[in-house]
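Visitor: fold the following for me, if possible:
(chains A and B)
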Amino acid sequence: MLRKVSVVLVLLMLLSLVGCGSSAPQVDWTLKVGGVVSSPLSVTFADLAKMPQTDLKDVLMEKSRGEDTVGSWSGVLLTDLLAKAGAGDYATITAIAGDGYAIEVNKDELENAIVALKENGKWIAETDKDHGPIRLVTPKTPANRWVFQLQEIQVNQQGGSGVPANAALKVTGNVEVEVGWTEEKVRSMDAIQVESTNKQGEAQTYTGVLISDLIGKADPKGDATTVVFVADDGFTAEVPLADLEACQDCIVSFRDGGGFSTVLPGFATTVQVKGVVEIQVK
Amino acid sequence: MLKRQIRGRAWLVILLVLLAIALALLVALLVLGRSWQAEVIGPDGVPFPVDARVLESLDDPDEEDMGVPVDYLLWAAGYQAVEQVTVTGPDGTRREFDWPAVADDAWWLANGKLSIAGETLPVSRLEAESPLLLGQVQARITDLAPTAAAALGLPALAQATGRPLEAPSARHVLVLLLDGLGYQHYVEARQQGLTPNLVALGEPLLGLTTYPPVTSVSMASLLTGAPPQVHGAWRRGIRQTEVQTLFDAASAAGLYVVVVEGESLPFNLRSAEIRLSGDRDGNGSTDDNVLANALAALDARMPDLLYVHFHGIDDAEHTYSPGAPEVSAVVRELDSAVGRIIEALPENTLVLILADHGQHLVEADEEGRVGNHGSLIESDMFIPIWIVNK
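Guide: Presented below is the predicted three-dimensional model:
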């Protein structure tokens, strides 16, 4: 009996050790996918680890400094992520790193590209923290496009960009020109104060920029009917475009700790969106 | 028995002493082997001592080069551009080198010797001559950030070593970078009639960029007003500056700053609205995309500080060599782009146009590139600088 229990215990220990080796590490990291997409994404490291993984074997890494290397990379196919975000026909993506680096990469350079979580079978998050936890790997290009500390992917259409790479708020979708602004720029715009009732039922004064003004800068197309507010945690809320254009006290308010929220007096509480980062016109 | 024990211990002691002596000799040999001293006589006649430790401090651990580029030592000794170098060996023999011809292949090796154009030379003293044009330099790349800051009424950048050039105060400032258009190259392009819009701005100042003359380092000096040893981005691949940039100062003062770049950032820019301009139309150039984004930024609302970076001349020079017909076509196009941007500027805008470095002809490398830059020579280091008030 004792021998059986011991064997089971040993097996359990071995199984747990095997499990430790392959399970994803706990990493606090979120990748955003936005721009010209129908469903902006906000995926955590854990989400990425659960998605189907693609292995790239013997990939040449052409470095601008130091010796070139050959290695294997595993991660999520970029096309899977873009499809999940609803990216249609696009020209380029802008890959933005956590330290502020940004590069725009053409679609034809993105063949077999992955968002890599592992290098040579090991989690980048554990073996190369300076270049992790996730990295864009584009096997068709030199390594200057392999953006490490990947934090955001913006999908771009052909033509000039009205959206800064480091935009904190943008208006996208069914508009003549997509526009975006940094946090500082939004806060420097003409602001108004409005009163609204918060979730606790108390009247409160908010300061911010009229949503109709922001949408107006993007010039919605004639057949546009709906606006979708997208929050930094992926939450979305829809409002008829006509209602917003008519509203003279619907604002994007300035949050104390940075960022923005929608304040729509008289509208349902579900459309008062904290941490709004994108206004999509449909 | 006792005698045998004592004799045994004595042998042990002798053995240990011999081992210690051998070890000391080995260490001495190693130290002596690495121990060498030489000097670079600076432009002011002051010797700059060079030894293994100095060489190690200048070595780039990520690069598996033969040693340290001799240019680094010449720069450290105070040279800003070099025309000719004289190497004096320990036995007094002297060798002279035309520096533009060999600078790309001149290394100071860890054993204290020089490798120049494949030849290994013992050295005790290195002297250099600067090009005559150096005496006519009117501005440095580090002067531009102080000039822009003064024009916008911003406080001086604390770390800046540059000085504000003569310029009026202005409501807006445009900084326009023509990557790779060295001073001599501009003079030749002007003579060929390729640059009517730049000619209309008047004679440029003869400017000097920083060493190494590569975009990320020069751009960091341009935006911080400081040399690489101060701003920290001293080689390609360093993505952060350690000090405040002109953009940081302008944003802190509540000014609206827009950066229109090519497909990527040469180094991370804080405090500015960044508009990348990748080759979305797939025509092999980002210049048309940069121009479109610059004009769009002007059309929306002229920023207080607008930075526009065209990469086409540098790209074409790498591919076709400086002065090639394909490069001339790009120079002509970008001259036209400059004209369109200036036409779209509002009144009371200070316009600063410059290059970050020049280029020189090289033997084709593995990627077939026949133009390059990064050496302490006239064609790489001298740049044109225009300061115009619109």
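Visitor: what sits against the residue in the stretch 151-300 of chain B that chain A sits nearest to?
Guide: At 2.9 Å from chain A, B:G278 is the closest residue in the stretch 151-300 of chain B, using CB to the nearest CB. Heads up, the C-betas are built off the backbone N, CA and C, glycines and all. Going by CB atoms under 8 Å, 6 or more residues apart in numbering or on different chains, B:G278 touches A:91-92, A:94, A:104-106, A:156, B:262-263, B:286, B:289.
Visitor: repeat that for B:D62.
Guide: Here B:D62 is in contact with A:65-66, B:237 (CB under 8 Å, 6+ apart).
Visitor: mind picking the two most distant members of the contacts of B:G278?
Guide: Spatial extent of the contacts of B:G278 (CB to CB) is set by the pair A:A91 and B:G262 at 15.1 Å.
Visitor: excluding chain neighbours, what is closest to B:L154?
Guide: B:A249 (5.0 Å; CB to CB, 6 or more residues apart in numbering or on different chains).
Visitor: which stretch of helix or strand covers the one you found?
Guide: helix B:246-252 (DSSP states H and E).
Visitor: contact residues of the stretch 201-350 of chain B facing chain A?
Guide: When proximity is defined by CB under 8 Å from any CB of the partner chain, the stretch 201-350 of chain B lies next to chain A at B:236-237, B:239-240, B:251, B:254, B:256, B:258, B:263-265, B:268-271, B:273-282, B:289, B:292-293, B:296, B:300.
Visitor: list buried residues within those.
Guide: Among those, those that count as buried by neighbour count (16 or more other CB atoms under 10 Å in any protein chain shown) are B:236-237, B:251, B:256, B:258, B:263-265, B:268-269, B:271, B:273-280, B:289, B:292-293, B:296.
Visitor: tell me how far B:R369 lies from B:L350.
Guide: From B:R369 across to B:L350, the span is 36 Å (CB to CB, to the nearest Å).
Visitor: who has more neighbours, the two?
Guide: Neighbour count, other CB atoms under 10 Å in any protein chain shown: between B:R369 and B:L350, B:L350 has more, with 24 against 15.
Visitor: wait, doesn't A:T269 sit right on A:K199?
Guide: Yes. Look at A:T269 against A:K199 with CB atoms under 8 Å: they come within range, at 6.3 Å.
Visitor: so for the two, which sits in the more crowded spot?
Guide: Comparing A:T269 with A:K199 by other CB under 10 Å, the one with more neighbours is A:T269, at 10 against 7.
Visitor: now do the same contact list for the more buried one.
Guide: By CB under 8 Å, 6+ apart, the contact list for A:T269 reads A:K199.
Visitor: out of the contacts of B:G278, list just those in helices.
Guide: With DSSP state H as the criterion, helices contain B:N289 from among those.
Visitor: next step: the contacts of B:G278 restricted to strands.
Guide: Among the contacts of B:G278, the members found in strands (DSSP state E) are A:92, A:94, A:104-106, A:156.
Visitor: and chain B, which of the residues you listed reach it?
Guide: Near chain B, judged by CB under 8 Å from any CB, the entries from the ones in strands among the contacts of B:G278 are A:92, A:94, A:104-106, A:156.
Visitor: tabulate those (CSV), appending pLDDT.
Guide: As requested, these are arranged in CSV below (pLDDT from 0 to 100):
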residue, pLDDT
A:T92, 91
A:T94, 93
A:E104, 93
A:V105, 93
A:N106, 90
A:N156, 88
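Visitor: where along the stretch 101-250 of chain A do the helices fall?
Guide: Counting by DSSP state H, counting those that start in this stretch, one finds helices in the stretch 101-250 of chain A at the ranges A:124-127, A:183-187, A:211-218, A:241-246.
Visitor: closest one to B:Q37 among these?
Guide: The nearest among those, by CB to CB, is helix A:124-127 at 42.0 Å.
Visitor: give me the contacts around that closest one.
Guide: Residues outside helix A:124-127 that contact it (CB under 8 Å, 6+ apart): A:25, A:27, A:29, A:45, A:116-119, A:131-135.
Visitor: with just CA atoms, put it into PDB.
Guide: Presented in PDB, the C-alpha positions along helix A:124-127 are these (Å, rounded to 0.1, in the frame of the first residue of the first chain):
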ATOM      1  CA  ILE A 124      11.200  35.200 -23.900                       C
ATOM      2  CA  ALA A 125       9.600  36.600 -20.700                       C
ATOM      3  CA  GLU A 126      11.900  34.400 -18.700                       C
ATOM      4  CA  THR A 127      15.100  34.200 -20.800                       C
END
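Visitor: from the middle of its chain, how far away would that helix be?
Guide: On the basis of CA atoms, centre = their mean, to the nearest Å, helix A:124-127 is displaced by 21 Å from the centre of the chain it belongs to.
Visitor: am I right that A:V59 sits in a strand?
Guide: Yes. Assessed by DSSP: H, G, I helix; E, B strand; the rest coil, A:V59 belongs to a strand.
Visitor: what residues does the stretch 51-200 of chain A have near chain B?
Guide: Close to chain B, as judged by CB under 8 Å from any CB, the stretch 51-200 of chain A has residues A:64-67, A:91-92, A:94, A:99-106, A:108, A:144, A:156-162, A:164-167, A:181-182, A:184-185, A:188.
Visitor: one more time with 6 Å
Guide: Residues of the stretch 51-200 of chain A lying close to chain B (CB under 6 Å from any CB of the partner chain) are A:65-67, A:91-92, A:94, A:99-104, A:158, A:160-161, A:164-166, A:182.
Visitor: take those residues and keep only those in strands.
Guide: Under the assignment DSSP E, these contribute A:92, A:94, A:102-104 to strands.
Visitor: tell me the two of those residues that are most distant?
Guide: So, these by CB to CB: farthest apart are A:T92 and A:A102, at 11.7 Å.
Visitor: can you give the domain ranges for the chain?
Guide: Since you didn't name a chain, this refers to chain A. Listed domain ranges for chain A are A:23-156, A:169-281 (source: automatic domain parsing).
Visitor: please go with chain B instead
Guide: B:37-130, B:136-389.
Visitor: tell me which of those domains is the most buried.
Guide: With neighbours taken as mean count of other CB atoms under 10 Å in any protein chain shown, these reach their highest mean count in domain B:136-389, at a mean of 20.
Visitor: just the endpoints, please. Distance across it?
Guide: Chord length of domain B:136-389, first to last residue, is 23 Å (CA to CA, to the nearest Å).
Visitor: what does stretch B:133-152 give?
Guide: 32 Å.
Visitor: now do that stretch: everything it contacts.
Guide: Applying CB atoms under 6 Å, 6 or more residues apart in numbering or on different chains, the contact partners of stretch B:133-152 are B:81, B:157, B:160-165, B:167, B:169-170, B:173, B:205-210, B:221-223, B:225, B:246, B:350, B:352, B:385.
Visitor: distance between that stretch and the chain's centre?
Guide: 16 Å.
Visitor: hang on, the earlier thing: return the member of the helices of the stretch 101-250 of chain A having the minimum mean pLDDT.
Guide: Comparing the helices of the stretch 101-250 of chain A by mean pLDDT, the weakest confidence falls on helix A:183-187, with a mean of 84.
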